[in-house]
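Engineer: Pasting the sequence and the predicted coordinates here, then a few questions.
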Amino acid sequence: MHFSLTDQAIEPSALRKTLLSLSAGAYCSYEGWVRDHNEGKTVTALHYHGYAQLAPAIANTILQEAQQKFSLEGAAIVHRMGPLTTGDIAVWVGVTAHHRGDTFLAARYIIDNVKHRLPIWKKEIYSDGTHAWIESNHCGCADPANLEHHHH
Amino acid sequence: MKVTVLYFAQLADLADKPEETLEISDSSPAALYQQVKQRYHFPHTFTQLQVAINHELSAHQTALKDGDTIAFLPPMTGG
């Protein structure tokens, strides 16, 4: 289980290597990218502000929940801080497990909880020079009930 | 008693500082929030925010002690 905040570019290929395991049969990762628009406005940059003394404890709780729900071998979250530009990777999640089903569900569970529970805030800077702190994640999150794990 | 208040995101912009130490007489986080909300024109109601005391999430009604660090956390928008 690993969590970090970073002001450096996220390198998925390097992070993937930290999860390699001969007992894992599946790996699934998620990358959140900085897109160039939101709710009708042209976004030129983002700025992430985080609560560095609180975020690790909450991230570890999310990772432990995911590990228990989905029988994970490994799991990691890396989130960028500070200024980002369009096309940058804002957040990376990687998970491993014996079987693929668990990894898809766990990656989704972790990123959805990261968005709502990690003490990180996003400011959008627009092409017209204005900016705004985003107040809610309209992220198309699934009904949490659909993220439950069912063994058949 | 003295407490340190941490500001994040929009609250840090409006207060124009990341933190400050305040002398307070009422130990309730709600009373402290009303004081800084009024001073800096924060848009949130107290119940829209989460509370962290000494870098741990805490119940809204937790009584503050001298030397505590408190943060009022707007809805989170990472990812």
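Structural biologist: Structure received.
Engineer: C-alpha only now, for contacts and for neighbours.
Structural biologist: Noted.
Engineer: got a pLDDT number for the nearest residue to B:Ala15 once chain neighbours are set aside?
Structural biologist: Excluding its sequence neighbours, the residue lying closest to B:Ala15 (Cα to Cα, 6 or more residues apart in numbering or on different chains) is B:Tyr40, at 5.5 Å. Looking at B:Tyr40, its pLDDT is 98.
Engineer: which strands and helices sit next to the lengthiest helix in chain A?
Structural biologist: Identified as the longest helix of chain A according to DSSP state H is helix A:100-117. With contacts taken as 3 or more Cα pairs under 8 Å, 6 or more residues apart in numbering or on different chains; DSSP states H and E, helix A:100-117 sits against strand A:26-33, helix A:55-70, strand A:72-80, strand A:89-97.
Engineer: how about TSV for the ones you listed, with mean neighbour count, mean pLDDT and distance to chain B added?
Structural biologist: Shown next, in TSV, are those (neighbours: other Cα atoms under 10 Å in any protein chain shown; pLDDT from 0 to 100; distance: least, Cα to the nearest Cα, whole Å):
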stretch	mean neighbour count	mean pLDDT	distance to chain B
strand A:26-33	19	98	6
helix A:55-70	19	98	8
strand A:72-80	24	98	7
strand A:89-97	25	98	6
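Engineer: re earlier: the helix or strand immediately after the longest helix of chain A in the chain and chain B, any residue contact?
Structural biologist: Remark: after helix A:100-117, the chain's next helix or strand is strand A:120-126, criterion DSSP states H and E. Yes: Strand A:120-126 is in contact with chain B by Cα under 8 Å from any Cα of the partner chain, via A:120-123.
Engineer: Tell me the residues of chain B that contact chain A?
Structural biologist: B:8-10, B:55-56, B:73-79.
Engineer: Select from the residues you listed the one having the most neighbours.
Structural biologist: B:Gly78 (29 neighbours; other Cα atoms under 10 Å in any protein chain shown).
Engineer: Contacts only, for that one.
Structural biologist: A:48, A:114-116, A:118-122 (Cα atoms under 8 Å, 6 or more residues apart in numbering or on different chains).
Engineer: Check it and give its pLDDT.
Structural biologist: With respect to pLDDT, B:Gly78 has a value of 94.
Engineer: Point me to the helix or strand that includes it.
Structural biologist: Counting by DSSP H and E, B:Gly78 is part of no helix or strand.
Engineer: Report the buried residues of the longest helix along chain B.
Structural biologist: In chain B, with assignment by DSSP H, the single longest helix is helix B:29-40. For helix B:29-40, the neighbour count (16 or more other Cα atoms under 10 Å in any protein chain shown) marks B:29-30, B:32-33, B:37 as buried.
Engineer: how about JSON lines for these, with pLDDT added?
Structural biologist: Converted to JSON lines, the buried residues of helix B:29-40 look like this (pLDDT from 0 to 100):
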{"residue": "B:Pro29", "pLDDT": "98"}
{"residue": "B:Ala30", "pLDDT": "98"}
{"residue": "B:Leu32", "pLDDT": "98"}
{"residue": "B:Tyr33", "pLDDT": "98"}
{"residue": "B:Lys37", "pLDDT": "98"}
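Engineer: Return the member of those nearest to chain A.
Structural biologist: Nearest to chain A among the buried residues of helix B:29-40: B:Lys37, at 17.1 Å, using Cα to the nearest Cα.
Engineer: Leaving out sequence neighbours, find the closest residue to that closest one.
Structural biologist: B:Pro43 (7.5 Å).
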